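> Have a look at this prediction, sequence included:
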Amino acid sequence: MSDEPTESAPAKPATGRLNASDALSTVDRHNQLAAASGEMTKVLTQMSGQLGNLGGGAAKSLTKAAESAEVVGASVRRLLTSVFATPIVLLIRLVLVPMRLVQGLLGKATGSMGEAPADDDEDPVDWDEEMAPKVTEPARELKDFNDLLEKNIIFFDNQKMPLFSSNMTRGLGTLGRQQQEFIMELCLNAIKECAPLTAGMPPVEKGRFAGQMMEDILSDIAGEDVKRFITFGYKYASSYSGKNFRLSETFATWLMNGAPDD
């Protein structure tokens, strides 16, 4: 064996640079920077649009920043195509995360502020009136035919026949519900029979039926109107008790006087 030492292959000097297989190519770095820069521009533009309702000054500032971002991105792509490309891309992505959070918060803020509160001067609600205590008048109690019998008030039809009498109570002292409904139908028929006879009369001048022709009123009279007249007659019983008036004539006179309740 030879004792002479064998020569080993000389070691490659360290250059501090990455081989082509270990580092991104210039084209790949350029593409990553372009994508990151474009994403920043897009986010800034969206934030500018969402701030449009919050104030013209802030929105315009963000718009200018978005436009400047594209210029800055182009400069970055030109200057930083070295081995530092990968750290820069990571840094940009880290910056984009909080920017997206801010964008989401601004979106909620602009959504909540989309509808401005109504101006107090333009509020159509009269709050003084709405908050004032409501005063309701008690419903007026209408009398019936039993009340007229109590006052000895009996009205007659157009043939001078009584429309009701105490004899109809059959010793019970009062008229039943069905009997009162039957008497009401007789009263309505007696009033409507006289409607054609009032064709030449002038319209009613006052009261609930003011401006209407007497013929039209009598032709379309309702049971509620008869009850109102009965209530009026009960209140002024001395004018009707024991007089045996025709209901149609007395009712028409009441209408011409404005159909008063009192």
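Done, it's in. Computed from a predicted structure; not experimentally measured.

> any idea how far the closest residue to Thr198 other than its chain neighbours lies from Asp262?
Nearest residue to Thr198, sequence neighbours excluded (CB to CB, 6 or more residues apart in numbering): Met214, at 4.1 Å. (Glycine included, C-beta is placed from N, CA and C.) Distance, Met214 to Asp262, by CB to CB, to the nearest Å: 22 Å.

> Who has more neighbours out of the two?
Met214 (21 against 6; other CB atoms under 10 Å).

> how about the more buried one, what does it touch?
Ala195, Thr198, Met201, Pro202, Pro203, Val204, Ala252, Leu255, Met256 (CB atoms under 8 Å, 6 or more residues apart in numbering).

> TSV for the residues you listed, including secondary structure, pLDDT and neighbour count?
Formatted as TSV, the contacts of Met214 follow (DSSP: H, G, I helix; E, B strand; the rest coil; pLDDT from 0 to 100; neighbours: other CB atoms under 10 Å):
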residue	secondary structure	pLDDT	neighbour count
Ala195	helix	95	19
Thr198	helix	94	19
Met201	coil	92	13
Pro202	coil	92	9
Pro203	coil	95	14
Val204	coil	95	21
Ala252	helix	96	21
Leu255	helix	96	22
Met256	helix	94	19
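
> Need the max-distance pair from the residues you listed.
Ala195 and Pro202 (15.2 Å; CB to CB).

> so where's this protein shaky on pLDDT?
Counting by pLDDT under 70, the chain contains low-confidence ranges at 1-41, 43-140.

> Which of the helices or strands spans Ile183?
Element membership for Ile183 (DSSP states H and E) is helix 177-193.

> quick one: buried residues of that helix?
Gln179, Gln180, Ile183, Met184, Leu186, Cys187, Leu188, Ala190, Ile191 (16 or more other CB atoms under 10 Å).
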